[in-house]
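Asks: What follows is a predicted protein model with its sequence.
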Amino acid sequence: MSFAPEQIKILSQPQAQLSIPTAVKSYPIIYQDLKMPFTPLHMGPAIAIKAVLQRKFSLMVFGWSQIVIDIQPLYAMLTDNGELHGFSHTYIGATILGLLSAVSGKYLGEWGLQILRESKHLPISWSVSFLSASIGTYSHVALDSIMHADVLPYAPFSVANPLYGIISIETLYIGCLATALFGGLIYSVTQTKN
Ligand SMILES: [Zn+2]
């Protein structure tokens, strides 16, 4: 993807100046991604991690952290107000939201497992909850950094986003789908053995 000079100028501006209408007008590809803030692609690598870490990793808490971190873009999209990804999609924001997701996710995850009658996965320990939520928010920022020009992961210290465009969105989607399929396959094999 190549940008016109005026688009590059907008991209290099501090994030606070990037309103949704500007982004929508200037970057149809970004808008295409934004139509679905809770993209399931983040779950692909999580399924592979679950296959490796087994009971030391909670998909419930991980999934909850994906919702928590995308509340900001959802709010921005619904209200046409505020930063699109902003503070939530920085590594500092991810640290804070990871802690919040871990504390709330332990209880919500256990509640979800009870509803799903998956009591063999209960309880979710605090260490599992904190690990799953922090993997969730940090990996979310990393993946969104590749896809979205307005994600500034190192803000407020730097406006650099070295991961942006490092691979195409199509390659990223295929990679996440592949990790979901292979991870799911390995996990189901390990479950039938137990
Ligand atoms: Zn996001």
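Replies: Yep, it's here. Numbering: from 1, shown residues only.

Asks: going forward, measure contacts and count neighbours with C-alpha atoms only.
Replies: Fine.

Asks: what's the average pLDDT for the one helix or strand Val189 maps to?
Replies: Assigned by DSSP states H and E, Val189 falls within helix 169-193. Average pLDDT, helix 169-193: 93.

Asks: and Tyr75, how far is that from Ile69?
Replies: 11 Å (C-alpha to C-alpha, to the nearest Å).

Asks: Also Ser58?
Replies: Ser58 is 17 Å from Ile69, by C-alpha to C-alpha.

Asks: buried set for stretch 58-76?
Replies: 58-70, 72-76 (16 or more other C-alpha atoms under 10 Å).

Asks: what does stretch 89-106 give?
Replies: 89-95, 97-106.

Asks: now do stretch 165-181
Replies: For stretch 165-181, by 16+ other C-alpha under 10 Å, it's Ile169, Leu172, Cys176, Leu177, Thr179, Ala180, Leu181.

Asks: out of these, who's nearest Arg117?
Replies: Comparing the buried residues of stretch 165-181 against Arg117 with C-alpha to C-alpha places Ala180 closest, at 23.1 Å.

Asks: For the closest residue to the closest one other than its chain neighbours, give me its contacts.
Replies: Excluding the flanking residues, the one nearest Ala180 by C-alpha to C-alpha, 6 or more residues apart in numbering is Gly44, at 4.0 Å. When contacts are counted by C-alpha atoms under 8 Å, 6 or more residues apart in numbering, Gly44 touches Cys176, Leu177, Ala178, Thr179, Ala180, Leu181, Gly183.
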